[in-house]
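Asks: When you get a sec, could you give me coordinates for this:
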Amino acid sequence: MSDEKARVASTTPYSVLVEGGKNYFWCACGRSQSQPFCDGSHKGTEFTPVKYTAEKKEWVWFCGCKQAGSPPICDGTHKSLA
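Replies: Next up, the predicted model:
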């Protein structure tokens, strides 16, 4: 496994109104053109999308910097990026 880091797609989180019971696949590599979700751009890298299942209809803050300690939810890590 290499030490390749994910690309920072955004320095702020993405707010998304999710639907209860629906699966979402969060982009972990930062290469997707459909942020914050996967579009398959990770192919050929060590990254794989992270599955998120919404429990109810609500606003969720998905990590945009791709450096969160508990992806796919934003934990504020973007505030410490140089």
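
Asks: beta partners of K51?
Replies: Listed by DSSP bridges, the beta-bridge partners for K51 are F25.

Asks: what's near enough to touch it?
Replies: N23, Y24, F25, W26 (C-beta atoms under 8 Å, 6 or more residues apart in numbering). (Glycine included, C-beta is placed from N, CA and C.)

Asks: residue ranges with poor pLDDT in the protein?
Replies: Applying pLDDT under 70 to the chain flags residues 1-3, 82.

Asks: Strands of that one, residue ranges please.
Replies: Ranges of strands within the chain are 14-18, 23-26, 50-53, 58-62, based on DSSP state E.

Asks: Now do the last one: everything it contacts.
Replies: Identification of contacts with strand 58-62 by C-beta under 8 Å, 6+ apart yields 13-18, 26, 36, 52, 54, 72-74.

Asks: now the second one
Replies: Contacts with strand 23-26, where a contact means C-beta under 8 Å, 6+ apart, come from 16, 18, 36-38, 49-54, 62-63, 71-72.

Asks: gap between A68 and E58?
Replies: Look at A68 and E58: by C-beta to C-beta, to the nearest Å, they are 18 Å apart.

Asks: So which of the two has more stuff around it?
Replies: A68 (21 against 11; other C-beta atoms under 10 Å).

Asks: ok, now which ones touch the more buried one?
Replies: Residues counted as contacts of A68 (C-beta under 8 Å, 6+ apart) are C74, D75, T77.

Asks: measure the first one to K66 for me?
Replies: Looking back up the chat, that one is C74. C74 is 11 Å from K66, by C-beta to C-beta.

Asks: Pick out whichever of the two has more residues nearby.
Replies: Counted by other C-beta under 10 Å, C74 and K66 do not tie: K66 has more neighbours, with 24 against 21.

Asks: How about that one, nearest residue that isn't a chain neighbour?
Replies: Nearest residue to K66, sequence neighbours excluded (C-beta to C-beta, 6 or more residues apart in numbering): A6, at 3.6 Å.
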